[in-house]
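Q: Coordinates for the following, if possible.
(chains A and B)
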Amino acid sequence: MIEVMNLTKRFGATVAVSDVSFSAQRGEVLGFLGPNGAGKTTTMRILTCYIGADEGTAQVAGYDIYDDPVEVRRRIGYLPESAPLYLYMEVTDSLNFIAQVRGIPKSKREQRIRAMVEMCGLEGVIQKDVGELSKGYRQRLGLAQTLIHDPDVLILDEPTSGLDPNQIIEIRELIKEIGREKTIILSTHILPEVSAICGRVLIIHQGKIVANGTPESLSGLASGEEMIRAGFRGPQEEIEAKLDQLEFVSDFKRVPAEDEGTCSYELKATKGTDATANIFQFAVDNGWILTELHRQTLSLEDVFHQLTTQEVVQ
Amino acid sequence: MSNVIAVFRKEFKSYFSSPIAYIYITVFIVSSSWLFFRSFFVFNQADMRGFFGLMPWIFLFFVPAVTMKLWAEEKKLGTVELLMTLPLKEYEVVLGKYLAGLMLFLLSIVLTFVIPIVLFALGDPDGGPIVGGYLGIFLMGAAYLSIGLFASTVTENQIIAFIMGVVICFALLIIGEDFVLFSTPQWLVPVFSYLGLGSHFASIGRGVLDSRDLIYYLSLIGFFLYMSMHTIETRKWS
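A: The predicted model follows:
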C-alpha cells in the first residue's frame, strides 16, 4: 500500500530525513516513534505531497508522489500535527467543505457527515464555531475530516496529543478498529500507545530509521537486562551489602517504599537468570520478608532510550 | 470546476462569518458616497467623473484589505497544510480564493449603484461614461485583487500582506502618471506608460473600450495569479 524508497530531505544544512525506506501493507498499523525533531512529521509531509523530498520517492496505493500527487492525496486521510482547522467556520460547514473537495456526491454528503459526527462523538457541538471548541473536540473534528472520504491510507500525526485519558482510549479503539482494513501510519512519542495499537514500529532518530519491528521484537532488542522491583523488610545496610554480592544483579537503586520498615529497590538483573525466583530465594535465605516483587515492563522505553540518545553515524 | 466552487464558497462564506466583510462594505460605501456627494451638490453636475477618478486611490487601501487574509491566515493557522494535502490542484485553490475576493469586491461596487440611480432621478446624465467608468473600476479592482492575493502568498503576517499589496498597487498606479514619466529616461517612457494602471483606466473611463486596455488588465491579472501559484508551489517542492 505504501512503498517508501530512499527518501532524503534537507533543510539547509540539517538533514531532516536521511535515506529512509520502508513499506506498509493493508491492515497494518505502523507507528513512527522518535524524539521531537526526529523527522516523523517531515516524512509524513512528503508522503502526503505537502513538501517535496530532495532524493528518493514513494508510492501510495500504486501512485507516485511526484507523478500523481492529486491521486495520492485522494487516497490518503491526513491529520496534521495539532489538527489545524478553520476556526471561523461552523463544524458542519467545515465538514461539508472537506466532503465537497473530497468529491463525495451531494446525495451522500449529509449521510456521510452524520456518520462521522456520530463516530467521532461530535453530536453536541455541530452548530458551534470551530474556534469555540476545546482541544479534545478539535482533535475529534480533525479526525472526522480525515476519515470522511473513507480513505485507504490514514496518516495521523500525533492523533492523541492534547486529549484526556478517556478520549485517548476512545481514539485508540477507533484507530484499532479502522486499522483492520486500512493502512495507518501514526506518529507518537507516547510509548504505551505504540504497544497498544501498532502492529509494527519504526523508531526514527536524526532522520534515520534505527529500528523496525513489532513492539515485542523491539523489546527484545534491549540489552540483556531486565528491571525488577523488589521490597524487603529488614535492616537496610545488610540488605544493600548482600544485594551488592548477588551475581545476577548488576545495579540497584533504592526507591521510596510504601510503608515504614520496608526497603524497596529497583534492580537491574541479567536476563535469563530466573531473577525473580532467585530474589525470592535470596529473601528466604536471609530471613527477610518479601513485601513486593515484580518485573517492570519498561523494555520498549529502554530500547527507545538507548537508540535515540546516541549519535547516529551519518 | 467543482473544486474551484468549493474553495470559493468556503472563502466567501468566511468573509461574512467574521466582521471583515461588513466593515469593509460599510466603510467603503460611506466613504465613497461621502466623497461623491460632498462635491456633487456644489457643482450641480450630473456626472460621475470625479467619483471614478477617486476610485483607484480608494481601492488602493480597500482591495489589499480584502485579499490580505486569503493566504496569510491559512499559513498562520496552519490550515494551509490541511488545504494543500486535499486532492486539489494549485490553480483550483488560487482561482477559488481569487473569485471569492472578486465577488466581495463586486458586491461593494454594486452597492454604489445608488449614486447613478440618484443621478438619473435628479438629472439627465450621459450613460456611456458611467457604464465605462464602472467597467474601468471593475477591471482595475480585479487587477488590484490579483496583486493583493499574490502579496498574501508570500507571508504569514496579514499586516505585511496588506502593506505589500498597497505598495505594489501604488507603484503600478503611479508609473504611468506624467509626474513620474517626466523623470524617467526617454526610452523607458512608453514602457512605463503602458504598464501604468492609471492610463488604461482613464481611457476606459472616457467610455472607450479598447482591446489593448482589456488585454492589459487580463494579462496583469493572469500574471499575478500565476505568481501566486508559483509561490505556493515553490514553497512545497523546495
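Q: Neighbours of the residue lying closest to A:Val29 once chain neighbours are set aside, how many?
A: Spatially, and ignoring its direct neighbours in sequence, A:Val29 is nearest to A:Gly179 (4.1 Å; Cβ to Cβ, 6 or more residues apart in numbering or on different chains). To be clear about C-beta, it is placed using only N, CA and C from the backbone, and glycine gets the same treatment. As a burial measure, A:Gly179 scores 20 neighbours (other Cβ atoms under 10 Å in any protein chain shown).
Q: for B:Leu135, what are its contacts?
A: When the contact criterion is Cβ atoms under 8 Å, 6 or more residues apart in numbering or on different chains, the partners of B:Leu135 are B:Ile204, B:Leu209.
Q: any idea which helix or strand carries it?
A: Here B:Leu135 sits within helix B:127-153, counting by DSSP states H and E.
Q: likewise A:Ser264?
A: Assigned by DSSP H and E, A:Ser264 falls within strand A:262-270.
Q: Could you check how far the spatially most central residue of chain B is from B:Phe59?
A: Against the mean C-alpha coordinate of chain B, by Cα atoms, centre = their mean, the closest residue is B:Gly141 at 2.5 Å. Distance from B:Gly141 to B:Phe59, counting by Cβ to Cβ, to the nearest Å: 5 Å.
Q: coming back round to it: which of the residues in the strand holding A:Ser264 are classified as buried?
A: When burial is assessed from 16 or more other Cβ atoms under 10 Å in any protein chain shown, strand A:262-270 yields the following buried residues: A:Thr262, A:Cys263, A:Ser264, A:Tyr265, A:Leu267, A:Lys268, A:Ala269.
Q: and if you look at stretch B:195-209?
A: Buried residues in stretch B:195-209 (16+ other Cβ under 10 Å): B:Leu195, B:Gly196, B:Leu197, B:Gly198, B:Ser199, B:His200, B:Phe201, B:Ala202, B:Ile204, B:Gly205, B:Gly207.
Q: Inside helices: which ones of those?
A: With helices taken from DSSP state H, the overlap with those comprises B:Leu195, B:Leu197, B:Gly198, B:Ser199, B:His200, B:Phe201, B:Ala202, B:Ile204, B:Gly205.
Q: Quick check: pLDDT value at the residue nearest to A:Phe22 when sequence neighbours are not counted.
A: Of all residues not flanking A:Phe22 in the chain, A:Val4 sits nearest, at 5.2 Å (Cβ to Cβ, 6+ apart). pLDDT recorded at A:Val4 is 91.
Q: gap between A:Val4 and chain B?
A: 17 Å (Cβ to the nearest Cβ, to the nearest Å).
Q: Assumed that residue was part of a helix.
A: No: per DSSP: H, G, I helix; E, B strand; the rest coil, A:Val4 lies outside any helix segment and is strand.
Q: who's in contact with it?
A: A:Val20, A:Ser21, A:Phe22, A:Ser23, A:Thr43, A:Leu47, A:Gly56, A:Ala58.
Q: what bridges to it?
A: Per DSSP bridges, the residues bridged to A:Val4 are A:Phe22, A:Ala58.
Q: So is the biggest helix by length in chain B next to chain A?
A: Ordering each helix of chain B by length in residues (DSSP H) puts helix B:49-77 first. Yes: Helix B:49-77 comes into contact with chain A (Cβ under 8 Å from any Cβ of the partner chain), by way of B:Leu77.
Q: quick one: that helix to helix B:197-205, angle?
A: Counting by axes from the mean of the first three to the mean of the last three Cα atoms, to 10 degrees, helix B:49-77 lies at 130 degrees to helix B:197-205.
Q: What residues sit buried inside helix B:49-77?
A: Quick answer for helix B:49-77 (16+ other Cβ under 10 Å): B:51-52, B:55-56, B:58-75, B:77.
Q: picking up where we left off before, identify the residues contacting the residue nearest to the centre of chain B.
A: B:Phe59, B:Val63, B:Leu102, B:Phe105, B:Ile109.
Q: any idea how far the residue lying closest to B:Ser39 once chain neighbours are set aside lies from A:Glu226?
A: Using Cβ to Cβ, 6+ apart and skipping the chain neighbours, the partner closest in space to B:Ser39 is B:Gly50 (6.0 Å). Here B:Gly50 is placed at a distance of 88 Å from A:Glu226 (Cβ to Cβ).
Q: for B:Met103, same thing?
A: Plainly put, B:Met103 is 67 Å away from A:Glu226 if you go by Cβ to Cβ.
Q: Might you report the residue contacts of residue 142?
A: Just going to use chain A. A:Leu79, A:Pro80, A:Ala83, A:Pro84, A:Leu85.
Q: I was after chain B.
A: By Cβ under 8 Å, 6+ apart, the neighbours of B:Ala142 are B:Leu102, B:Phe105, B:Tyr217, B:Ile221.
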